[in-house]
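> Generate a structure from the sequence data that follows.
(chains A and B)
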Protein chains: 2
Amino acid sequence: MAMKQEIFIGPVGIGGSHPVSVQSMTSVPLADVAATLRQIQALQTAGCDIVRVAILDRDSLPYFGQVIARSVLPVVADIHFDAVLALEAIGLGAQGIRINPGNIGSPDKVKDILRLANEREIPIRIGVNSGSIEKKYGHGTASRAGAMVSSVMDKVKFFEDNGFFRIKISLKSPDVPETVHAYRLIAGQCNYPLHLGITEAGTRFSGTIKSAIGIGGLLLDGIGNTIRVSLTADPLEEVRVGREILRVLGLMPGGIELISCPTCGRTSVDLIPLVEEVEKRLNAFKTRKKLQVAVMGCEVNGPGEARQADIGLAFSRNKGYIFRKGHLIEKIAPAEAVDRLIEIVGELCRDEAGKIT
Amino acid sequence: MAMKQEIFIGPVGIGGSHPVSVQSMTSVPLADVAATLRQIQALQTAGCDIVRVAILDRDSLPYFGQVIARSVLPVVADIHFDAVLALEAIGLGAQGIRINPGNIGSPDKVKDILRLANEREIPIRIGVNSGSIEKKYGHGTASRAGAMVSSVMDKVKFFEDNGFFRIKISLKSPDVPETVHAYRLIAGQCNYPLHLGITEAGTRFSGTIKSAIGIGGLLLDGIGNTIRVSLTADPLEEVRVGREILRVLGLMPGGIELISCPTCGRTSVDLIPLVEEVEKRLNAFKTRKKLQVAVMGCEVNGPGEARQADIGLAFSRNKGYIFRKGHLIEKIAPAEAVDRLIEIVGELCRDEAGKIT
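All right, here's what the predicted structure looks like:
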């Protein structure tokens, strides 16, 4: 894929050579400013880069102003139906806005928004959802993905004709193959950064799988510059899933990857609780180093796979074997193996002064 | 992708025009025959098509014979290191075997296995893992995916030279981009059906995401004929994730898809428990009909998205709106909305005699 043009949401670069960023959206009522700010703080701690806040009506604008003033993350205002909300949100300092030009009103109203956003040098996401494509693009006809792309490209042209180029695009559908198809089409047709997501993805279980296939499938081919996992769940869970998708694809700088084998008839220890414990204890290391840790339950695939990891632990019936970059460094009683593994990981993450780096 | 040659594991066709099948592996000790059979029964109920059983040593063979005789699913024997185990497993009636030719012993031993498998007309999976590629293929060099493909193609040639063509191939690695790359390469180079999986995927959380990206990303492009999700978790969870991947991609005949929106500041009802309840109650319908059910928390995207579903429920502040194929059919008090939705789904799944079809 050609490199996409870069835009900035506050300090966070999207496109260009910037790493893929993770977004989420507040879910508490905006009128509860303290709760909204707490949620944004928690999202930041979980690794969220950008937060989106929905502004429902004009009464909400003062709360938005208070949130913007104190948010620890750059804030994108999500606006539907009322162009005045967009103008006011920009005036209050929103670092980006998301509109669906199909429902925001007349072309003149959109022009007002473009003018003000240009003045404040903030980007606009053109967010088309499969559920709200205008009929003229052939909603319900053969290729809805094609209709989504035609719809968005018309909006892009309108933005460009009005001198606006800080554009980000999303094309969301609850249908995964359709979403992937639409993004593959648009990625070849324009150079603006792409915001990936599967809309209405569903529950934590189903939505995680949908988002991993759709977002992950696109990122695999280098398509996508910022992502939001949509779940009917706590937004922190969206960030956790989003970051894991990036980590799995090697797009997250640093962090510890845990690999472990499935339990089969060969497993000689009770592996599930053991691996869950290792995962939990590894989560405590906020390291920027990139480490792969393997925990394997048997002597068949175990030593081979563990050997590729920075630190590997494999079990035979009566022994734990600790590998360091391909070399067996210790044999240990299985009961002591996890403690020792975590100890070694801790040593690897510490600098000379003993601080986790 | 060109259509792959078809093989059969018992009655289950793989490749050709057969639907993608779901596999898992028993995790209880094979010596506990009753527990193994119970696990296979539970896997079948969960929707598993084929089960794999590891045979660790010669002492396990009589247990394998008892399992084979009474299994409700076709059984693949997983064999490492000892060619005699493969020969005996075939003799006992295994409907398929999986070997890693790199660790099974001399070419003559492999020839014995091929001869007997041909006699019994059962397929063999050539399962290469990145952790066990022979050094001559360049383990550790620039492209490990290329090394995996070279390794497997040599084995395929050996099988073919010995008159064996009931071949299935897997190329597993714990690294998702590498796995996808390897399968994309092999899919263009030969016509044998492909068994997809990410090996050592990890815990339920991380492994689900890894498998969804890797397996789902390949299936999106029509690559893959049978899948196994590997998790360090109960094998039933592997089947649940595997089936969900297929359902998300429209590869599962029938079933109910639930779509729901993320919770945002716009949500006017407490959506998370409500959607979780709908998901749980929908699971009770074992229907072959294909239905899409939407539950949406607000009036912005809600009605639009819900309109695309077979049955949609959207909420405004004080009302639930039930849509049937684009038409508003009922307004209802929010507290009664879920019961009514489930009632309507029940009606749609029933035939004229009132039976769920």
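> only C-alpha atoms for contact and neighbour calcs from this point on.
Fine.
> domain parsing for chain A?
Per automatic domain parsing, the structural domains of chain A span A:7-248, A:256-349.
> hey, least reliable of those by pLDDT?
Least confident of these, judged by mean pLDDT, is domain A:256-349 with a mean of 81.
> In contact with whichever residue of the stretch 51-200 of chain A sits closest to chain B: list those residues for me.
Per CA to the nearest CA, A:Glu200 is where the stretch 51-200 of chain A lies closest to chain B, at 3.9 Å. The neighbours of A:Glu200, taking CA atoms under 8 Å, 6 or more residues apart in numbering or on different chains as the test, are A:173-174, A:230-232, B:259-262.
> What's the ChimeraX line that selects buried ones from those?
One line in ChimeraX is enough to select the buried ones among the contacts of A:Glu200; burial here means 16 or more other CA atoms under 10 Å in any protein chain shown:
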select /A:173,174,230,231,232 /B:259,260,261,262
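> correct me, but A:Val72 touches A:Gln39?
No - between A:Val72 and A:Gln39 there is no contact under CA atoms under 8 Å: 10.4 Å.
> Strands along the stretch 251-357 of chain A, start to end?
In the stretch 251-357 of chain A, the segments counted as strands under DSSP state E, counting those that start in this stretch are A:255-260, A:290-296, A:311-315, A:320-324, A:327-332.
> what is the orientation angle of the fourth one with strand A:290-296?
Orientation check (axes from the mean of the first three to the mean of the last three CA atoms, to 10 degrees): strand A:320-324 against strand A:290-296 gives 160 degrees.
> what does the first one give?
With the same axes, to 10 degrees defining the directions, strand A:255-260 sits at 20 degrees from strand A:290-296.
> re the thing from before, would you list the domains of chain A in a markdown table and tack on distance to B:Val20?
Supplementary listing: the domains of chain A in a markdown table, determined by distance: least, CA to CA, whole Å:
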| stretch | distance to B:Val20 |
| --- | --- |
| domain A:7-248 | 16 |
| domain A:256-349 | 21 |
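> Ok, which of the ones you listed comes nearest B:Gly10?
B:Gly10 sits nearest to domain A:256-349 of all those, at 21.5 Å, using CA to CA.
> Number of residues surrounding A:Thr36?
A:Thr36 has 22 neighbours, counted by other CA atoms under 10 Å in any protein chain shown.
> I'd say it and A:Pro29 touch.
Yes - in this structure, A:Thr36 sits in contact with A:Pro29. The criterion is CA under 8 Å, and the distance is 7.2 Å.
> rewinding a little: specify the stretch among the domains of chain A that is closest to B:Val278.
Among the domains of chain A, domain A:7-248 comes nearest to B:Val278, with 10.2 Å by CA to CA.
> Relative to the whole chain's centre, how far out is the closest one?
How far domain A:7-248 lies from its chain's middle: 12 Å, per CA atoms, centre = their mean, to the nearest Å.
> hey, where'd the helices end up in chain A?
With DSSP state H, the ranges of helices along chain A come out as A:33-46, A:61-70, A:83-92, A:107-120, A:144-161, A:176-189, A:204-220, A:235-248, A:271-282, A:302-308, A:334-349.
> The fourth one vs helix A:144-161, what angle?
The one in question is helix A:107-120. For helix A:107-120 against helix A:144-161, the angle by the same axes, to 10 degrees is 60 degrees.
> Next, the angle helix A:83-92 makes with helix A:107-120.
Computed by the same axes, to 10 degrees, the angle between helix A:107-120 and helix A:83-92 is 10 degrees.
> Could you check which residue of the stretch 1-150 of chain A lies nearest chain B?
Using CA to the nearest CA, the point where the stretch 1-150 of chain A gets nearest to chain B is A:Ser27, with a distance of 4.1 Å.
> one step back: quick check: phi and psi on the residue of the stretch 51-200 of chain A closest to chain B?
Backbone torsions of A:Glu200, given as degrees, to the nearest 10, read phi 50, psi 50.
> correct me, but the residue of the stretch 1-150 of chain A closest to chain B touches A:Pro235?
Yes - using CA under 8 Å, A:Ser27 and A:Pro235 qualify as a contacting pair, with a distance of 7.1 Å.
> If you count surrounding residues, which of these two has more?
A:Pro235 (26 against 22).
> Now do the contacts for the more buried one.
Residues counted as contacts of A:Pro235 (CA under 8 Å, 6+ apart) are A:24-27, A:43.
> Could you rerun that using 7 Å?
Taking CA atoms under 7 Å, 6 or more residues apart in numbering or on different chains as the criterion, A:Pro235 is in contact with A:24-26.
> And A:Asn100, by the same measure?
Taking CA under 7 Å, 6+ apart as the test, what A:Asn100 contacts is A:80, A:126-128.
> Neighbour count and distance to chain B added to the residues you listed, as JSON lines?
JSON lines is the format used below for these (neighbours: other CA atoms under 10 Å in any protein chain shown; distance: CA to the nearest CA, whole Å):
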{"residue": "A:His80", "neighbour count": "22", "distance to chain B": "8"}
{"residue": "A:Ile126", "neighbour count": "24", "distance to chain B": "15"}
{"residue": "A:Gly127", "neighbour count": "19", "distance to chain B": "12"}
{"residue": "A:Val128", "neighbour count": "23", "distance to chain B": "11"}
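> Let me know the closest of those to B:Cys298.
Here the nearest of these to B:Cys298, counting by CA to CA, is A:His80; it sits at 12.3 Å.
> How many neighbouring residues does the residue nearest to that closest one when sequence neighbours are not counted have?
Nearest non-adjacent residue to A:His80, counting by CA to CA, 6 or more residues apart in numbering or on different chains: A:Ile104, 5.9 Å away. A:Ile104 is flanked by 18 other residues according to other CA under 10 Å.
> cool, A:Pro273 as well?
Applying other CA under 10 Å, I find that A:Pro273 has 12 neighbouring residues.
> go on, the one 10 residues further on?
Other residues within reach of A:Asn283, judged by other CA under 10 Å, total 12.
> and it, how far is that from A:Ile311?
Noted for A:Asn283: a distance of 16 Å to A:Ile311, by CA to CA, to the nearest Å.
> Could you do A:Arg115 as well?
A:Arg115 sits 55 Å away from A:Ile311, going by CA to CA.
> Quick check on these two: which one has the bigger neighbour count.
Neighbour tally, A:Arg115 and A:Ile311, criterion other CA under 10 Å: the higher count belongs to A:Ile311, 26 against 15.
> what sits against the more buried one?
The neighbours of A:Ile311, taking CA under 7 Å, 6+ apart as the test, are A:292-294, A:323-325.
> hmm, 6 Å instead?
A:Ile311 makes contacts with A:293, A:323-324, as judged by CA atoms under 6 Å, 6 or more residues apart in numbering or on different chains.
> what do you get for A:Ile209?
Contacts were defined as CA under 6 Å, 6+ apart; by that measure A:Ile209 touches B:Ala212.
> repeat that for 8 Å
If a contact means CA under 8 Å, 6+ apart, then A:Ile209 has B:208-209, B:212, B:241, B:244-245, B:248 as its contacts.
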